[in-house]
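J.: I'll drop the sequence and a predicted model, then ask my questions.
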Amino acid sequence: MGIFSFFSKEKKEKLDKGLEKTKESVFSKLTRIVAGKSKVDAEVLDDLEEVLITSDVGVQTTVKIIERIESRVAKDKFLGTSELNSILREEISELLSENHSEELQDFSIPDKRPYVIMVVGVNGVGKTTTIGKLAYQLKKKGLKVVLGAADTFRAAAIEQLEIWSQRVDVPIVKQKMGSDPASVAFDTLQSATTQGADVVIIDTAGRLHNKVNLMNELGKVKKVMQKIVPDAPHEILLVLDASTGQNAIEQARQFTLATDVNALALTKLDGTAKGGVAIGVSDQFKIPVKYIGVGEGIEDLQPFNKGEFVDSLFK
C-alpha cells in the first residue's frame, strides 16, 4: 500500500479517470517522438519539449524538466528511449516535491477556530461549486461551516452559493446584490464567531479587468475581517480552471500579484487534456495545489496528492 495508502480505491479510480484525456494526449505524442529511435538524443529532447509545452506544462517548467533530462543524458552517455517514461516521471515527481508543501491527506484544516478561507478566482472557473463541495467535505468531517456570499457584483453568484448552502445544509450570510463585499465578510465572521463555527469560507468577486481595483477590494475585505479575527484570512484559495491551460497560469500570475494567495484549487481536470497545467502552476508559483476537481459530483473534489497525481499520469 505504501505512503499513499490513505487514498481509497474509489478516489484513485476517479483520479485515473479524471486524468485520462491528459494521459492519452501526452503518451500518444511521446510514442510518436520515440518511434524508430533507440536513444534519447537532441532531436528526441526537442520533440519532448514540444510535447510538454503543448500539454500546458508551461515554458518555464518545461525548460527545467528538459535541462534535468539533458544532464542525465550527459552523465549516463546512453539513455534508451524505452526509459523516457520513467525518467520523465522521476523528474516531474522531483519537481513537484521541491514545492515543499505539506502533503494533504484529507480535508483536514489547521487547528485555528474559526479557520477563515477567502476564495478568489475569475468567474466561470468553478469557484462557487468548489466552495460548495469543500463545505460538504468539511461538514462530513464533523466541522461546523459558515459561508459568506461576498461576491455581491452578480446576483447569480449569491443565488448559486445559497443553493449550495441549502444542498450541503450549512448556514450562509448574504446581503443584496451591490452591497459592500467587506460588509458581507464582516457580518459573516461576526455570525461565525457567535455560532462557534470551525470554518468560514468567503466567496469573493471574480474580476480581473483592473488589477488595482481587485487589489484594493481584496485588501479591504481582509482588513475588515481582521477586526473580528485578527489573523484572518488564514487561507487565500485561488480557484483555476485546468481546461483553460495557459490562461490558468496567467490568472495565477495576476492574482498572486493582487493578493497573498497561499493555496490553489484546480477544477475540471476530468474534461481536459491540459492536466499538465497542475505541474506548471505548482512549479512556477511555489504555491501548493491543495484541491483538484475530477468530476461533476459532490464527492469529486479531492485533496491534491503529488505522488498519486504523477502515478495516475504515468500508469
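T.: The structure has been received and is ready for your questions. All figures in this text were calculated on a predicted structure; none of them were measured in a lab.
J.: so who does the closest residue to Lys21 other than its chain neighbours touch?
T.: Excluding its sequence neighbours, the residue lying closest to Lys21 (C-beta to C-beta, 6 or more residues apart in numbering) is Ala273, at 4.3 Å. C-beta: built from backbone N, CA, C; applies to glycine. Going by C-beta atoms under 8 Å, 6 or more residues apart in numbering, Ala273 touches 21-22, 24-25, 55.
J.: What of Lys268?
T.: So Lys268 contacts 126, 241-243, 293 (C-beta under 8 Å, 6+ apart).
J.: Stretch 70-77: which residues count as buried?
T.: Using 16 or more other C-beta atoms under 10 Å as the test for burial, stretch 70-77 gives Val73.
J.: could you dump it to PDB, C-alpha only?
T.: Extracted in PDB, the C-alpha atoms of stretch 70-77 (Å, rounded to 0.1, in the frame of the first residue of the first chain):
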ATOM      1  CA  GLU A  70      19.900  16.700 -20.600                       C
ATOM      2  CA  SER A  71      22.200  16.500 -17.500                       C
ATOM      3  CA  ARG A  72      21.200  12.800 -17.100                       C
ATOM      4  CA  VAL A  73      21.900  12.100 -20.700                       C
ATOM      5  CA  ALA A  74      25.300  13.800 -20.400                       C
ATOM      6  CA  LYS A  75      26.100  11.800 -17.300                       C
ATOM      7  CA  ASP A  76      24.900   8.400 -18.400                       C
ATOM      8  CA  LYS A  77      26.100   8.800 -22.000                       C
END
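J.: Which parts of the protein are helices?
T.: Under the criterion DSSP state H, the chain contains helices at 9-18, 20-34, 42-54, 59-76, 84-97, 127-140, 155-168, 181-195, 211-225, 246-258, 277-285, 306-313.
J.: With mean pLDDT and distance to Leu269 as new columns, can those helices be given to me in JSON lines?
T.: Shown next, in JSON lines, are those (pLDDT from 0 to 100; distance: least, C-beta to C-beta, whole Å):
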{"stretch": "helix 9-18", "mean pLDDT": "83", "distance to Leu269": "5"}
{"stretch": "helix 20-34", "mean pLDDT": "82", "distance to Leu269": "8"}
{"stretch": "helix 42-54", "mean pLDDT": "89", "distance to Leu269": "17"}
{"stretch": "helix 59-76", "mean pLDDT": "89", "distance to Leu269": "17"}
{"stretch": "helix 84-97", "mean pLDDT": "86", "distance to Leu269": "15"}
{"stretch": "helix 127-140", "mean pLDDT": "96", "distance to Leu269": "12"}
{"stretch": "helix 155-168", "mean pLDDT": "95", "distance to Leu269": "20"}
{"stretch": "helix 181-195", "mean pLDDT": "96", "distance to Leu269": "29"}
{"stretch": "helix 211-225", "mean pLDDT": "86", "distance to Leu269": "26"}
{"stretch": "helix 246-258", "mean pLDDT": "89", "distance to Leu269": "11"}
{"stretch": "helix 277-285", "mean pLDDT": "90", "distance to Leu269": "7"}
{"stretch": "helix 306-313", "mean pLDDT": "85", "distance to Leu269": "9"}
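J.: Those helices: which one's closest to Thr267?
T.: Evaluated over the helices of the chain, closeness to Thr267 peaks at helix 127-140, with 6.0 Å, by C-beta to C-beta.
J.: what helices or strands is the closest one leaning on?
T.: Packed against helix 127-140 by the contact rule (3 or more C-beta pairs under 8 Å, 6 or more residues apart in numbering; DSSP states H and E) you find strand 115-120, strand 145-150, helix 155-168, strand 199-204, strand 263-267, strand 289-293, strand 301-303.
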